[in-house]
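J.: Give me the fold of what follows.
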Amino acid sequence: MLTAGQVHDIQGGRALLASVPAMRRLIADKEYDANDLRDFLASQGTEPVISPMPGRLTRPAFDRDAYRARNLIERAFCRLKDWRAIATRYDKTARNFLAGVCLAVVVTDWLQ
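T.: Numbers count the residues shown, from 1 in each chain. Presented below is the predicted three-dimensional model:
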């Protein structure tokens, strides 16, 4: 799913999560700390592993050990951004951009 540049990631995340089967746990960063997302995950039986925002009055508990695995996700995105055309989104159409991302993933995985 490709969203406009000014759209917050949580908007696309909600739509993506609604289209995939329920999972045991979801690891996400602080930007995904929203009550409606947490409620949606709880209704699916998914444990949210989301670090709470510092300004929250009531801070929900989360598994700090599982949260450490988030660095794997961040490193994967950093590897994708090594590709200049991906980081700056040269392609005009979503189809071509997705093709470039797929190509970068395959080559990055092959080189490891």
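J.: any low-confidence regions in the protein?
T.: Along the chain, the model assigns pLDDT under 70 to no residue.
J.: Recalculate using a threshold of 90.
T.: The chain contains residues with pLDDT under 90 at 1-18, 22, 29-31, 54-59, 61-62, 72-94, 97-98, 108-112.
J.: the longest helix in this structure is where?
T.: Longest helix in the chain, counting residues (DSSP state H): helix 94-111.
J.: list the contacts for the nearest residue to Arg59 once chain neighbours are set aside?
T.: For Arg59, ignoring the flanking residues on the chain, the nearest one in space by CB to CB, 6 or more residues apart in numbering is Pro52 at 4.4 Å. (C-beta placed from N, C-alpha, C; glycine too.) Applying CB atoms under 8 Å, 6 or more residues apart in numbering to Pro52 gives the contacts Lys30, Asp33, Arg59, Pro60, Phe62.
J.: same question, Ala87
T.: Counting by CB under 8 Å, 6+ apart, Ala87 touches Leu80, Lys81.
J.: Please report how far it lies from Leu80.
T.: Counting by CB to CB, to the nearest Å, the gap from Ala87 to Leu80 is 8 Å.
J.: can you check Arg59 too?
T.: If you go by CB to CB, the gap between Arg59 and Leu80 works out to 32 Å.
J.: neighbour-wise, which of the two wins?
T.: Leu80 (15 against 12; other CB atoms under 10 Å).
J.: and the strand or helix carrying Asp39, what other elements does it pack with?
T.: Here Asp39, judged by DSSP states H and E, is contained in helix 35-44. With contacts taken as 3 or more CB pairs under 8 Å, 6 or more residues apart in numbering; DSSP states H and E, helix 35-44 sits against helix 9-18, strand 47-50.
J.: Show me what counts as buried in the shortest one.
T.: Residues of strand 47-50 classed as buried: Pro48, Val49, Ile50 (neighbour count, 16 or more other CB atoms under 10 Å).
J.: Next secondary structure element downstream of it?
T.: Next along from strand 47-50, by DSSP H and E: helix 64-67.
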